[in-house]
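In: Have a look; sequence and predicted model below, questions after that.
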Amino acid sequence: MSAAAKRLVVVAEHAQGRLAPVTWELLTCARQVAPTLELEIAAIVLGQGVEFLAKEIAQRSGVETWAVEVEGLAGFHGDAQRLALARLLPGLGAQAVLGAHSTSGLDWAPALAAELEAAYIPGVESVSLEANGPTFWRSAHFGKVRENLAPETWPLVLTVQPGAFEAAPPAEVSHGQVETVHPGAPPCRTKVLDVVEGAGADAGLGRAQVVVAAGRGVGEAENLELLRRVAGLFSSAALAGSRPVCDLGWLSYGQQVGLTGATVAPRLYLACGISGARQHTVGMQGSGFIVAVNSDPQAAIFNLADVCVVEDLASFIPSLLEQAEGV
């Protein structure tokens, strides 16, 4: 592998011995960006015992891949990941670095950009290919506007929204090269003492054909009983919530949909009092049919919904139940 080449480097995301789907989405984004910048695409897998994951990427995508075996990085540790990348990337000629806009990516990517004195664009949702190079679109102001940004300096660190790009390796590729490196343990300022499995998403939520989701706009916890009655109108339904609702303790975190919760794709998604922040919509944008109810006509959720109801939930939901239960 040529150390003199200029590269766009994808940082693979993985857990429990498996590559996360967003890794393939990052490679799709990289294929859009790299040609206009005349960069070679490469991938990095950080961890311990990750050479088999690097081989999987190389085989399925055809890109050159580094397995970076870092002592003490059997699990995720953002500080160690950032330090390892900061050591490795300059020697690879990295002009652009792509990571996932996930809880782990947001741990290391901003700090890496500061370490490399790089431009930083988080939450990329799409790419425009302009004469002067690519520009990057992202949601802002809780999803009410979209920004189009271009880097003024290089290198560039990007985080890409999960679900924004199709996770599709090329149909026919030649096997990419794999190189395994063993850097020493980075001088971290923190260490992971323990990892405790959190409460997983409700299995019923993942199987439900209808999801009734509550946002902060429901007003108070008592109003969730109305949404439970709506869910009860369907034979295969589940009640879910956005992060603010779960933070308030109105619903369990096992019922949370979004970036730090579950990803669902029911036939019907009824969003009640949900603003439409990207952190939530990334977990439900694959739903078959989306109905959104919000009193704010400018709510970002309406950009995603198939049916938009501008109404106060306190009047709309009782009316809906009256009509449905009277049939």
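Out: That came in fine, so what should we check first?

In: how is this protein carved up into domains?
Out: Domain ranges of the chain: 7-181, 203-325, per automatic domain parsing.

In: Distance to residue 191 and mean neighbour count added to these, as TSV?
Out: Every residue, glycine included, has its C-beta placed from N, CA and C. Output for the domains of the chain, formatted as TSV (distance: least, Cβ to Cβ, whole Å; neighbours: other Cβ atoms under 10 Å):
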stretch	distance to residue 191	mean neighbour count
domain 7-181	8	19
domain 203-325	23	19
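
In: between those, which gets nearest to residue 188?
Out: domain 7-181 (4.5 Å; Cβ to Cβ).

In: Endpoints of stretch 298-317, how far apart?
Out: 20 Å (Cα to Cα, to the nearest Å).

In: Check the gap between residue 82 and residue 271 for me.
Out: 35 Å (Cβ to Cβ, to the nearest Å).

In: hmm, I was thinking of residue 27
Out: 31 Å.

In: With residue 183 instead?
Out: 45 Å.

In: Then residue 72?
Out: 42 Å.

In: go on, residue 254?
Out: The value you get for residue 254 to residue 271, if Cβ to Cβ is used, is 19 Å.

In: go on, residue 88?
Out: To residue 271, residue 88 is 42 Å away according to Cβ to Cβ.

In: And residue 15, by the same measure?
Out: In terms of Cβ to Cβ, residue 15 sits 28 Å off from residue 271.

In: all strands of the stretch 201-327 of the chain, in order?
Out: Assigned by DSSP state E, counting those that start in this stretch, the strands in the stretch 201-327 of the chain fall at 210-214, 237-241, 268-272, 289-294, 307-310.

In: quick one: which of these is nearest residue 48?
Out: strand 237-241 (35.3 Å).

In: roughly how far out does that closest one sit from the chain middle?
Out: 21 Å (Cα atoms, centre = their mean, to the nearest Å).

In: what packs against that strand?
Out: Here strand 237-241 touches helix 203-207, strand 210-214, helix 224-231, going by 3 or more Cβ pairs under 8 Å, 6 or more residues apart in numbering; DSSP states H and E.

In: Between the ones you listed, which one is closest to residue 173.
Out: Comparing those by Cβ to Cβ, helix 203-207 comes nearest, at 32.0 Å.

In: ok, and what's touching the closest one?
Out: Under the contact criterion Cβ atoms under 8 Å, 6 or more residues apart in numbering, helix 203-207 has outside partners 211, 236, 238, 240, 254-255, 257, 262, 264.

In: which ones are touching residue 39?
Out: 6-8, 33, 95-96.
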